[in-house]
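Student: With the sequence up front, the predicted model follows.
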Amino acid sequence: MLTNEKYYGDALLQKTYTIDFLTHKRVENKGYVQKVLIEKNHEPIIPKEVFEMVQDEKERRALLKGNLVGDRHKYTSKYAFSGKIYCGKCGNTFKRRTWNSTSKYKKIVWQCKTYIVDGKGACDAKAVGEQVLMDAFVKVFNRINENKDAFIKTLTDNIEKVLSERKTDKEINALDSQIEKIKNELKGLIKFQIQNNLDEDVYKEEYIRISKELEELRRRKAQLEKENSLKDDYRKRVDEIIQVLAGRQGLLEEFDDKIFNALVEKIEVLTPTHFIFVLKSGMRVEEV
């Protein structure tokens with residue numbers, strides 16, 4: 001009841017999803033299909049600002065208990081900026097809010113969660129207008145797009161540099177061989193102990209030595225695989241940026257959430273008009 005958008009007049013469709021059309025069995029829609037929000041679908045029972053105040057209070061109480069309100073993050077994921085705006089003062093994320101929702105002065109803003117929950121004394125970061133953020137991204141994208149050939153070359157050079165540091169299959173296979181060798185050594189020790197009743201202290205000392213060596217080799221292999229995975233993920237993110245830029249003809253005239261999500265990892269808000277856009281390539285672009 002406290003999280004149902006219908007009370008303030010909106011309707012979120014496809015909250016559940018039919019997984020079996022013969023039995024008509026429905027389950028919670030956890031990304032099976034796109035949810036659709038219809039604003040001002042019907043006459044509200046309560047003002048939206050009251051609903052938002054309830055959500056703020058729920059979140060405040062959850063944070064006081066050391067919990068995160070996971071459902072709220074899922075609910076707000078329909079917004080392009082959700083989870084991507086960070087406070088330049090305290091480091092917390094920003095939350096979308098509606099000011100004067102029932103009047104002609106209605107305005108959508110993003111505000112620091114620390115300020116919302118703990119007040120100005122904890123963080124005095126000011127709210128940022130959503131349209132201001134959108135306009136700022138349009139400017140950033142157009143600056144990049146005007147020099148996209150040089151920008152794409154820089155990204156390509158970065159990818160080549162990163163991939164040149166990628167560990168080869170030969171290096172990982174060498175570790176696999178060492179791991180198998182140590183595993184066989186450990187098995188041999190155990191077998192020798194069973195057959196020859198080796199001195200217990202000697203056996204334990206040797207068992208611990210071999211086990212530690214095996215653990216270290218496995219740790220090194222896992223680290224190499226993790227590094228390679230991160231490099232592969234970086235390549236995918238940069239490739240996506242290059243594809244977006246290469247396929248774009250002309251400048252942006254208005255905010256495009258698909259382009260934004262393809263390019264931007266996060267936005268750091270320094271002031272209500274001063275931002276740093278951190279691209280998925282790791283590059284930082286300042287906009288004042």
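Tutor: That came in fine, so what should we check first?

Student: Confirm for me that Leu12 is in contact with Glu5.
Tutor: Yes. Using C-beta atoms under 8 Å, Leu12 makes contact with Glu5 at a distance of 5.3 Å. Heads up, the C-betas are built off the backbone N, CA and C, glycines and all.

Student: CA-only coordinates of stretch 230-243 in CSV, if you can.
Tutor: Taking only C-alpha atoms (Å, rounded to 0.1, in the frame of the first residue of the first chain), the coordinates of stretch 230-243 have been written out as CSV:
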residue,chain,number,x,y,z
LEU,A,230,37.8,-6.6,-16.4
LYS,A,231,39.7,-5.9,-19.6
ASP,A,232,37.2,-7.7,-21.7
ASP,A,233,34.4,-5.7,-20.0
TYR,A,234,36.3,-2.5,-20.6
ARG,A,235,36.6,-3.3,-24.3
LYS,A,236,32.8,-4.0,-24.6
ARG,A,237,32.0,-0.7,-22.9
VAL,A,238,34.4,1.3,-25.1
ASP,A,239,33.2,-0.5,-28.2
GLU,A,240,29.7,0.6,-27.3
ILE,A,241,30.8,4.2,-27.1
ILE,A,242,32.6,4.0,-30.4
GLN,A,243,29.5,2.5,-32.1
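
Student: from the middle of its chain, how far away would that stretch be?
Tutor: For stretch 230-243, the distance from its own C-alpha centre to the chain's C-alpha centre is 15 Å (C-alpha atoms, centre = their mean, to the nearest Å).

Student: now swap in stretch 195-205 and tell me
Tutor: Stretch 195-205 sits 51 Å away from the centroid of its parent chain (C-alpha atoms, centre = their mean).

Student: With stretch 257-271 instead?
Tutor: On C-alpha atoms, centre = their mean, the centre of stretch 257-271 falls 12 Å from that of its chain.
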